[in-house]
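Colleague: Kindly generate the corresponding structure for this input.
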Amino acid sequence: MGFTALGLEAYPVADGAEAKAILRTLTHDREDVAIIYIEEDIAVQLQSQIDKFKDSPKPAIILIPGREGSLGMGLSALNAAVERAIGTNILENN
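Modeller: Numbers count the residues shown, from 1 in each chain. From the prediction side, this is the model:
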């Protein structure tokens, strides 16, 4: 709930079905939403819905680690976005 202290709206969910409904509302019924942060553990259950927006500038869906730690999904999504944008992954450690 620290996000609300920053002035952001937070939507705590109990399960993937509830998260799916909220994501649909935010992406279809609200034009004022530019960025959506989703914890990785919930994002696993919403992957097909999230994938629909990977090439859209708005809303940007950012995956963040949950309380249990990172699953690596956020970094993977960032790497894929960079590679799509410039043709190569400049963030990859070789």
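Colleague: Now do the strands in the protein.
Modeller: Assigned by DSSP state E, the strands in the chain fall at 35-39, 60-64.
Colleague: neighbouring strands for the first one, and are they parallel or not?
Modeller: This points to strand 35-39. strand 60-64 (parallel) (DSSP bridges).
Colleague: I'd like the average pLDDT over the partner strand.
Modeller: Average pLDDT, strand 60-64: 87.
Colleague: low-scoring stretches of the protein, by residue?
Modeller: 1, 69-70, 72, 74, 79-86, 89-94 (pLDDT under 70).
Colleague: how about a cut-off of 80?
Modeller: 1-2, 66-94 (pLDDT under 80).
Colleague: number of nearby residues for the nearest residue to Pro65 once chain neighbours are set aside?
Modeller: Of all residues not flanking Pro65 in the chain, Glu40 sits nearest, at 6.0 Å (Cβ to Cβ, 6 or more residues apart in numbering). All C-beta atoms are positioned from the backbone trio N, CA, C, and that covers glycine. By other Cβ atoms under 10 Å, the residues close to Glu40 number 20.
Colleague: Glu40 is in contact with Leu71, isn't it?
Modeller: Yes. Counting by Cβ atoms under 8 Å, Glu40 does reach Leu71; the two are 4.3 Å apart.
Colleague: Which residues are in contact with each of these two?
Modeller: Counting by Cβ atoms under 8 Å, 6 or more residues apart in numbering, the residues touching both Glu40 and Leu71 are Pro65.
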